[in-house]
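Asker: Have a look at this fold, sequence not included:
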């Protein structure tokens, strides 16, 4: 359990998977030996808003190996036009547990 | 028991936030972007059509005339292309597959509007510019209806 970090979800873009106010546990070392994979929920630094950590699901990868992040809520999530591809090194870790 | 422990920890040490925000904080959509540019297209089209060529062969008057025509045409092209870009952003980014149930003609509306942008860009066509404005009004109505808000359509000119 050592090294896991707690975060609290703010916003509705990960509904119905994650509700606003819900907490998650992040494993910052999850990607030391394996690469991030499509479908995993991660916390990453926002490419356009310094200091903002966002929680999103990996929707795919670009030809350059950058990851595409999307919210689970198709009606409300920030989309890829706004976000753009995110470099793998901007990913802070993988969400390994969620609790209310 | 575990839940109580979790509650206690949460109360004692609040976790830092991670953002799962919606469109609002990062990018704001508004069909007014497209409408304002379409108004510029209509205005430039009218100005080009109203422009009188100089009667004599005075070089200064000719230069002024050509300069003015070039500027009007340049702005018309630029704004027509911008209108198309704004419309495409709404079409492909704001509107989601779910909206097709609400607006079965969504694709047709946007496709025709985008084609009108091209027509206005290529030609000096008052009718097309007016149709483009009508298309922007239609997009305005769909957009705000999709958001469940009653926003009155208006134009700047």
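Answerer: Done, it's in. Nothing here was measured: the structure is a model prediction, and the numbers come from that model.
Asker: What is the end-to-end distance of stretch A:38-58?
Answerer: Stretch A:38-58 has its terminal residues 5 Å apart, counting by CA to CA, to the nearest Å.
Asker: mind listing what's buried in that stretch?
Answerer: A:40-47, A:52-58 (16 or more other CB atoms under 10 Å in any protein chain shown). In this view, the C-beta of every residue, glycine as well, is placed from N, C-alpha and C.
Asker: farthest-separated two in those?
Answerer: A:40 and A:52 (19.9 Å; CB to CB).
Asker: where do the helices sit along chain A?
Answerer: Shown for chain A, the helices assigned by DSSP state H span residues A:80-83.
Asker: in it, which helix or strand is least confident?
Answerer: Lowest on mean pLDDT, DSSP states H and E among the helices and strands of chain A sits helix A:80-83, with a mean of 59.
Asker: Heading C-terminal from the helix or strand bottoming out on mean pLDDT in chain B, find the next helix or strand.
Answerer: The weakest-scoring helix or strand in chain B, judged by mean pLDDT, DSSP H and E, is helix B:23-26 (a mean of 44). As assigned by DSSP states H and E, the chain's next helix or strand after helix B:23-26 is helix B:32-50.
Asker: which strands and helices sit next to that next one?
Answerer: With contacts taken as 3 or more CB pairs under 8 Å, 6 or more residues apart in numbering or on different chains; DSSP states H and E, helix B:32-50 sits against helix B:59-89, helix B:106-122, helix B:126-146.
Asker: dump the residue contacts of residue A:67.
Answerer: With CB atoms under 8 Å, 6 or more residues apart in numbering or on different chains as the criterion, the residues that contact residue A:67 are A:36, A:42, A:44, A:58, A:60, A:61, A:85, A:86, A:87, A:88, A:91.
Asker: Can you narrow those down to the ones near chain B?
Answerer: Near chain B, judged by CB under 8 Å from any CB of the partner chain, there are no entries from the contacts of residue A:67.
Asker: where's the residue nearest to residue B:110 when sequence neighbours are not counted relative to chain A, distance?
Answerer: Using CB to CB, 6 or more residues apart in numbering or on different chains and skipping the chain neighbours, the partner closest in space to residue B:110 is residue B:91 (4.1 Å). For residue B:91, the distance to chain A (CB to the nearest CB, to the nearest Å) stands at 12 Å.
Asker: got a list of what residue B:91 touches?
Answerer: Counted by CB under 8 Å, 6+ apart, residue B:91 has contacts B:106, B:107, B:110, B:114.
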